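>>> Here is my input, please return the structure:
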Amino acid sequence: MSTVLGTESDRLQGLIATLEADAERLETRGKELTVQAAALAVLPGAPPSCTAALDQQAGNCAAAAASLRVAAAALARHAAAVAVVAG
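Next up, the predicted model:
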């Protein structure tokens with residue numbers, strides 16, 4: 001049974017790492033969108049709606065990253081609880 005739980009623990013740790021990595025990528029992309037919005041804002045004739053859309057998407061990326069981090073933390077708590085029960 002220890003092998004099965006070890007495998008499950010490894011799988012959970014892999015999922016946690018994936019969630020955290022995805023959160024990092026989304027956060028980075030959000031920052032890139034903010035930079036692009038700022039660069040676009042200073043261009044003559046650039047529609048303000050484009051800047052607003054980029055800013056909104058940057059906010060969406062930040063919110064999604066935060067949600068993924070919450071999910072990763074919850075899964076880590078679950079993995080720890082499973083390890084305690086199994087141990």
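
>>> so where is this structure shaky, pLDDT-wise?
1-6, 84, 86-87 (pLDDT under 70).

>>> Just give me the residue closest to the centre of the chain.
A23 (1.6 Å; Cα atoms, centre = their mean).

>>> which residues sit in contact with that one?
The contact partners of A23, taken as Cβ atoms under 8 Å, 6 or more residues apart in numbering, are 64-66, 68-69, 72. Where C-beta positions appear, they are placed from N, C-alpha and C, glycine not excepted.

>>> And L54, by the same measure?
33-34, 36-37, 40.

>>> Can you tell me which of those is nearest A79?
Closest approach to A79 among the contacts of L54 (Cβ to Cβ): L33, at 32.5 Å.

>>> Surely the closest one and C61 touch.
Yes - if you go by Cβ atoms under 8 Å, L33 and C61 touch, sitting 6.6 Å apart.

>>> Where does A39 sit, in terms of helix or strand?
helix 2-41 (DSSP states H and E).
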